[in-house]
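[1] can't give you the sequence, but here's the structure:
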């Protein structure tokens, strides 16, 4: 068994209005940052997870996303395996 | 009549619902803590408003896995009248008992104010005491009431007459100015396919007494009482 560090990145789904992202975009523009076309604000969940293989760790993280971490109606997610110890 | 009020850590409208059931309906109200496994044979279940589990992760996302939710699901799926108000609506959506989701208000502001909603259908056990198209004044108090669902889901809700309440202005028009949170099609409340599970963002339990500015919420509780009396006959 190893311990894996996994980042789960959750973002508002395409086509879903992201009022937070819009507000941040407006704030950036008002600070004179040019060329800000779009901002989406999401959430990062960093897991430390014990599993026999990297594949098993990723599969477990995926199950967590489907059940709890992300809402399939409004959010997309991706899973990144960062390290193993 | 027995009304179970399910309480989670962070529920804060539980006592309002308790009083509503007790005083308007003359019902026997009681609390059921989220860790319990038994709803104790209710006739009606209410998921009250508040900030269950601090709204961490997403509003309602953690509450939906509380032990009592297994019983709530069984009660709802067996046709029992189930009412989710505000955070209760968010929990019902997260639990998949109602379609769609509630996002951050489009204004990004927490909105605590009286709003007008129009009764879109009187053919539910929660609205039979109202007149079709009746405009009600009921308070809202939420930061995440922006109802979203895929277009196909919205179309289906409309076609099946499951949009129960819509935000309107005082004349009953569903304008964008009258929409306090950016909800798709000004939707304020919906029912499930079977019609026994209602979720809504406005707080009918806060509109029961002239002292509080409106009695327009009474009809919702009276409708349920009427439906249950009819079923018992």
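    Alright, I've got the coordinates. All values derive from a computational prediction rather than experimental measurement.

[2] pLDDT score assigned to the nearest residue to residue B:117 once chain neighbours are set aside?
    Among residues not flanking residue B:117 along the chain, residue B:165 sits closest, at 4.3 Å (CB to CB, 6 or more residues apart in numbering or on different chains). Every residue, glycine included, has its C-beta placed from N, CA and C. Here, the pLDDT recorded for residue B:165 equals 98.

[3] How about the residue of chain B found nearest chain A: which residues does it bridge to?
    Nearest residue of chain B to chain A, counting by CB to the nearest CB: residue B:101, 4.2 Å away. Partner residues in beta bridges with residue B:101, using DSSP bridges, are residue B:148.

[4] Up against chain A, what does chain B have?
    Taking CB under 8 Å from any CB of the partner chain as the contact definition, chain B meets chain A at B:57-58, B:61-62, B:65, B:93-94, B:99-101, B:103-108, B:146, B:148-150, B:182.

[5] Take these and, keeping just the buried ones, write it as a ChimeraX select command.
    For the buried members of these, the matching ChimeraX selection, counting by 16 or more other CB atoms under 10 Å in any protein chain shown, is:
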select /B:57,58,61,62,93,94,99,100,101,103,104,105,106,146,148,149,182
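
[6] any chance you could read off phi and psi for residue B:47?
    phi -100, psi 110 (degrees, to the nearest 10).

[7] show me the contacts for residue A:13.
    Counting by CB atoms under 8 Å, 6 or more residues apart in numbering or on different chains, residue A:13 touches A:74-76.

[8] Can you get me a residue count around the residue nearest to it when sequence neighbours are not counted?
    In space, and not counting its chain neighbours, residue A:13 is closest to residue A:76: 5.1 Å by CB to CB, 6+ apart. Using other CB atoms under 10 Å in any protein chain shown, residue A:76 has 16 other residues around it.

[9] Mind listing the residues bridging to residue A:76?
    residue A:11.

[10] That one and residue B:140, how far apart?
    For residue A:76, the distance to residue B:140 equals 29 Å [CB to CB, to the nearest Å].

[11] What of residue B:62?
    Counting by CB to CB, the gap from residue B:62 to residue B:140 is 23 Å.

[12] What does the pLDDT read for residue B:233?
    62.

[13] ok so, going back, what is the burial count for the residue nearest to residue B:117?
    Residue B:165 has 28 nearby residues by other CB under 10 Å.
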